[in-house]
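> Fold the stuff below for me.
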Amino acid sequence: MQTKYEETLRFFKALHPAMLFASAQIPVECVAIVAGVDRIVDMGRTVMSVTGDASCAVVMQNRLK
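Residues are numbered from 1 along each chain as shown. Below is the predicted model of the structure:
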């Protein structure tokens with residue numbers, strides 16, 4: 001049996017993003033621009049995270065020798 005929270009969550013996941021933005025009076029075009037820019041920024045964050053993890057692994061490997 002689903003709780004009220006799970007039912008509400010399932011309902012909101014089913015909403016189409018364009019309908020959600022329209023109901024909040026947010027222009028879909030603006031959201032598309034932000035989503036495009038966010039993708040590039042997200043790639044940069046991923047590169048920094050992987051570089052940091054690899055650097056820490058190298059440092060720890062050298063310290064444990």
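> drop to CA atoms for contacts and neighbour counts, all remaining ones
OK.
> Find the residue at the geometric middle of the chain.
residue 42 (8.0 Å; CA atoms, centre = their mean).
> Can you work out which other helices and strands pack against the strand or helix carrying that residue?
Using DSSP states H and E, residue 42 sits within helix 28-63. Judged by 3 or more CA pairs under 8 Å, 6 or more residues apart in numbering; DSSP states H and E, the packing partners of helix 28-63 are helix 17-23.
> What lies in contact with the helix it packs on?
27, 28 (CA atoms under 8 Å, 6 or more residues apart in numbering).
> Please compute how far that helix lies from its chain's middle.
Computed by CA atoms, centre = their mean, to the nearest Å, the separation of helix 17-23 from the middle of its chain amounts to 18 Å.
> again with stretch 44-61
Centre-to-centre, stretch 44-61 and its host chain are 20 Å apart (CA atoms, centre = their mean).
> For it, give the mean pLDDT please.
Stretch 44-61 carries an average pLDDT of 96.
> Residues in contact with it: which ones?
For stretch 44-61, there are no surrounding residues in contact (CA under 8 Å, 6+ apart).
> Can I get it in PDB? Just the C-alpha atoms.
Taking C-alpha atoms only, stretch 44-61 is exported to PDB below (Å, rounded to 0.1, in the frame of the first residue of the first chain):
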ATOM      1  CA  GLY A  44      33.100  21.000 -15.500                       C
ATOM      2  CA  ARG A  45      32.000  19.900 -12.100                       C
ATOM      3  CA  THR A  46      32.400  16.300 -13.100                       C
ATOM      4  CA  VAL A  47      36.000  16.900 -14.400                       C
ATOM      5  CA  MET A  48      36.900  18.600 -11.200                       C
ATOM      6  CA  SER A  49      35.500  15.800  -9.100                       C
ATOM      7  CA  VAL A  50      37.300  13.100 -11.100                       C
ATOM      8  CA  THR A  51      40.500  15.000 -11.000                       C
ATOM      9  CA  GLY A  52      40.300  15.600  -7.300                       C
ATOM     10  CA  ASP A  53      39.500  11.900  -6.600                       C
ATOM     11  CA  ALA A  54      42.400  10.800  -8.800                       C
ATOM     12  CA  SER A  55      44.800  13.200  -7.100                       C
ATOM     13  CA  CYS A  56      43.700  12.100  -3.600                       C
ATOM     14  CA  ALA A  57      44.200   8.400  -4.600                       C
ATOM     15  CA  VAL A  58      47.800   9.200  -5.900                       C
ATOM     16  CA  VAL A  59      48.600  11.100  -2.700                       C
ATOM     17  CA  MET A  60      47.300   8.400  -0.500                       C
ATOM     18  CA  GLN A  61      49.100   5.700  -2.400                       C
END
